[in-house]
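K.L.:
need a 3D model of the sequence below.
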Amino acid sequence: MDLDTATRRSEHAEPTDGSHRSATTPLPPPPPGARTAERAPGLRARHLVAVAAAGALGAGAVVVPVQLLDDPAPVAASADPGDADVSGASDTPGSLVGGIAQQVAPSVARVDARGATGSGSGSAVVYRTDGVLVTNHHVVADAVEVSVTLPDGERLPAEIVGTDPSSDLAVLRVDATDLPVPMWAGADDLPEVGDTAVAIGSPFGLDGSVTSGIVSALGRTVTTPQAALVDLLQTDAAINPGNSGGALVDGAGRVIGVNTAIASSSGGNDGIGFAIPAGTVRNVADQLLTDGAVRHAFLGVAGQTVDRDVARLYGLPVEQGAVLAEVPDGPAADAGLRPGDIVIRMDDHEVATMAELAGRIQQYRPGDEVQVTYLRDGEQRTTTVTLGERPTAGG
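P.N.:
Numbers count the residues shown, from 1 in each chain. Model prediction:
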């Protein structure tokens, strides 16, 4: 287990299989008569991205050092996953954060992992009352001994139920009952840029630390040693080594993500942290609990985010969406999608970027049927795609 601080740089579009290769897929040449002289100087290869699966990768790669946090943190709690009730919170920011901390912090534990090369610590969030918690894969990878310290100070040995390097998530189990489960954000509780974000964890082993900020961006993609992580939440709430596996909570006291990495030039907080969205956490955790492994859904396309520059260059009828550059044999091709189609919706959710398309795919499993709405020759169409299973690296 690599328990030392790991710093990686994401210089290009993300690989589709978790390797460190660049995976850029340009669109076909512009149509005849396209005003190519107006192509924006900033439209470079890193805007292009291959969309391959549950890990379908998005545009907007972060071109800064990305550090996995080897010491996750504690998370917030509410035994009832119903409507949020941040007790004690008023309209003032300090009171709001205080109420969130009181509600959620009892659901966050410290994780200590011992490996062949050393020890490290992180955090975990209670997922079920019967002793099930979620944390990051990199916190417990290759660990020979794992323990969980609950907020009341009780230290318990933990079993690794399963891990998924592709999403950097892991599920732990301890011999405990009646653990407080926090409210996990649902499909209708998606955060927006500017929303309140509260990080609860154990940075540098300081259990129960609470920091606050906002959701700075959505749909980020960063490259880690294990895989390219897609559809991440970005926040300026202070996150440091030890926060990995801890909770990122919204203003209603709902866990919207599990903290996983920071972009840093110093090894500490520079105001750019990343969290795995709650929907991805639930999908992965449920599969690990029921099947012991994770099967990632696969769409089977490569393409590019549509923005104003791309729309102008190719004469596209919209200024957002995901335009397909390649549709090889696979689920998308079987459903009739082809190069040049612009995906604008998946089921009831709009798709404005390639990152959003990647993130939506992460919420499904192989065999699920999804309604894909797209534009072809200016006409809006809909098709049903039966998602496949993402091929393994090199296979």
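K.L.:
longest strand of this structure?
P.N.:
strand 209-223 (DSSP state E).
K.L.:
could you give the angle of the next helix or strand along the chain from that one to strand 209-223?
P.N.:
Per DSSP states H and E, strand 209-223 leads on to strand 228-235 as the next helix or strand towards the C-terminus. Going by axes from the mean of the first three to the mean of the last three Cα atoms, to 10 degrees, strand 228-235 is angled at 140 degrees with respect to strand 209-223.
K.L.:
buried ones in the following helix or strand past strand 228-235, by neighbour count?
P.N.:
On the C-terminal side of strand 228-235, the nearest following helix or strand under DSSP H and E is strand 247-249. Residues 247-249 are the ones in strand 247-249 that count as buried (16 or more other Cβ atoms under 10 Å). In short, each C-beta sits where N, CA and C put it, glycine included.
K.L.:
what's the answer for stretch 131-147, then?
P.N.:
Buried, per 16+ other Cβ under 10 Å, within stretch 131-147: 131-141, 143, 146-147.
K.L.:
now stretch 330-350
P.N.:
Buried, per 16+ other Cβ under 10 Å, within stretch 330-350: 330-333, 335, 337, 339-346.
K.L.:
ok, stretch 269-287 next?
P.N.:
269-270, 272-285, 287.
K.L.:
same check on stretch 351-364?
P.N.:
351-364.
K.L.:
equivalent analysis for stretch 206-217, please.
P.N.:
207, 209-217.
K.L.:
if we can go back for a sec, out of the buried residues of stretch 269-287, which sit inside strands?
P.N.:
273-277.
K.L.:
list just the nearest of these to residue 188.
P.N.:
Closest approach between those and residue 188, by Cβ to Cβ: residue 277, at 13.4 Å.
K.L.:
and residue 258, which of the three is it?
P.N.:
strand (DSSP: H, G, I helix; E, B strand; the rest coil).
K.L.:
what helix or strand is residue 160 on?
P.N.:
strand 159-164.
K.L.:
count the residues that sit near residue 382.
P.N.:
Number of residues near residue 382 (other Cβ atoms under 10 Å) recorded here: 9.
K.L.:
my read: it touches residue 373, true?
P.N.:
Yes: contact criterion Cβ atoms under 8 Å: residue 382 and residue 373 qualify, at 4.9 Å.
K.L.:
these two touch, right, residue 125 and residue 245?
P.N.:
Yes: counting by Cβ under 8 Å, residue 125 sits close enough to residue 245 to count as a contact (7.1 Å).
K.L.:
more crowded one of those two?
P.N.:
For the pair residue 125 and residue 245, the greater number of neighbours falls to residue 245 (39 against 34), based on other Cβ under 10 Å.
K.L.:
could you look up the SS state of residue 332?
P.N.:
Per three-state DSSP, residue 332 ends up helix.
K.L.:
tell me who's in contact with it.
P.N.:
299-301, 324, 372, 385 (Cβ atoms under 8 Å, 6 or more residues apart in numbering).
K.L.:
pipe the residues you listed into CSV and attach distance to residue 258 per row.
P.N.:
Below are these laid out as CSV (distance: Cβ to Cβ, whole Å):
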residue, distance to residue 258
299, 24
300, 28
301, 28
324, 31
372, 28
385, 28
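K.L.:
ok, back up a step: just the CA trace of the helix or strand that the strand holding residue 160 is followed by, in PDB.
P.N.:
Sequence order places strand 169-173 as the next helix or strand after strand 159-164, per DSSP H and E. The C-alpha coordinates for strand 169-173 follow below in PDB (Å, rounded to 0.1, in the frame of the first residue of the first chain):
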ATOM      1  CA  LEU A 169     -14.200   3.700  -3.400                       C
ATOM      2  CA  ALA A 170     -14.100   0.900  -0.800                       C
ATOM      3  CA  VAL A 171     -16.600  -0.600   1.600                       C
ATOM      4  CA  LEU A 172     -15.700  -1.600   5.200                       C
ATOM      5  CA  ARG A 173     -17.600  -3.500   7.800                       C
END
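K.L.:
tell me how far strand 169-173 lies from the chain's centre.
P.N.:
Centroid separation for strand 169-173 versus its chain: 16 Å, with Cα atoms, centre = their mean, to the nearest Å.
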